[in-house]
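Asks: fold the following, please.
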Amino acid sequence: MLSPARTSVDGFGSTVSAYLPLALRKALAVENAAVQKAQPVLAAIGGIAITYVAVKAIYNIGKGVTTYFLAGPLHLGADLKKSGEWAVITGSSDGIGKEFAFQLAAKGLNVVLVSRTIDKLEGVAREISARYNVQTKIIAIDLSKMGPHNVPQLQEELKDLDIALLGT
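Replies: Got it, this is the predicted structure:
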């Protein structure tokens, strides 16, 4: 027999519940019965949630391993050079456009750098050519003021190039 200071394994032993008012004991009994009825459903929902999280984690780990460790040796990445030799990148003198141009040059594509500022374009073109040994072409044009007067210039600059990708 347990002393009144100790409880049984379920938390509300007979000795502790003997000190509770009858209304509270009945409420606890009803609540306990409801929990026992819902327990299989809650366990199934918990099992589904854990399975979902585990499958998602395994998928993401597999995707990461494939992307970072196996894509190169197994040649799983897209070969943009099959589509053409040049990538046209707008906004390529700064920021994301510049980094995009560097990434494509690293993959072996020649790059056409399009932006407003010719000085910045020339600097980026020199850096890409020196680092990746690819051809670069620059087009200084303000695309925010694009209109019928700019289209012939852009067409003329790009007409003889085998373009694989247009990026902004």
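Asks: only C-alpha atoms from now on, for both contacts and neighbour counts.
Replies: Will do.
Asks: can you pull out the helices in this protein?
Replies: For the chain, applying DSSP state H gives helices covering 14-17, 22-65, 71-74, 95-106, 118-132, 151-158.
Asks: neighbours of the spatially closest residue to residue 124 that is not a sequence neighbour, how many?
Replies: Spatial nearest neighbour of residue 124, excluding adjacent residues (CA to CA, 6 or more residues apart in numbering): residue 93 at 6.4 Å. By other CA atoms under 10 Å, the residues close to residue 93 number 25.
Asks: how about residue 166?
Replies: Neighbours of residue 166 (other CA under 10 Å): 12.
Asks: equivalent analysis for residue 71, please.
Replies: 14.
Asks: so how far is residue 35 from residue 127?
Replies: 68 Å (CA to CA, to the nearest Å).
Asks: got it, and residue 107?
Replies: 60 Å.
Asks: contacts for stretch 116-131?
Replies: 91-93, 98, 102, 105, 113-115, 134-143 (CA atoms under 8 Å, 6 or more residues apart in numbering).
Asks: if we use 6 Å, what do you get?
Replies: 93, 136, 140-142 (CA atoms under 6 Å, 6 or more residues apart in numbering).
Asks: for those residues, pick the one with the most neighbours.
Replies: Counting by other CA under 10 Å, top hit in these: residue 93 with 25 neighbours.
Asks: do you know the pLDDT at that residue?
Replies: On pLDDT, residue 93 comes in at 88.
Asks: taking the contacts of stretch 116-131 one by one, which sit in strands?
Replies: Those of those mapping onto strands are 136, 140, per DSSP state E.
Asks: of all the contacts of stretch 116-131, which comes closest to residue 64?
Replies: Nearest to residue 64 among the contacts of stretch 116-131 is residue 93, at 31.0 Å by CA to CA.
Asks: for the closest residue to residue 166 other than its chain neighbours, grab the count of nearby residues.
Replies: Nearest non-adjacent residue to residue 166, counting by CA to CA, 6+ apart: residue 88, 4.8 Å away. A count of neighbours around residue 88, defined by other CA under 10 Å, yields 25.
Asks: check residue 86 too.
Replies: Residue 86, neighbours per other CA under 10 Å, totals 26.
Asks: that one contacts residue 107, doesn't it?
Replies: No: using CA atoms under 6 Å, residue 86 is not in contact with residue 107, being 11.2 Å away.
Asks: common neighbours of these two, please.
Replies: Residues within reach of residue 86 and of residue 107 at once, by CA under 6 Å, 6+ apart: there are none.
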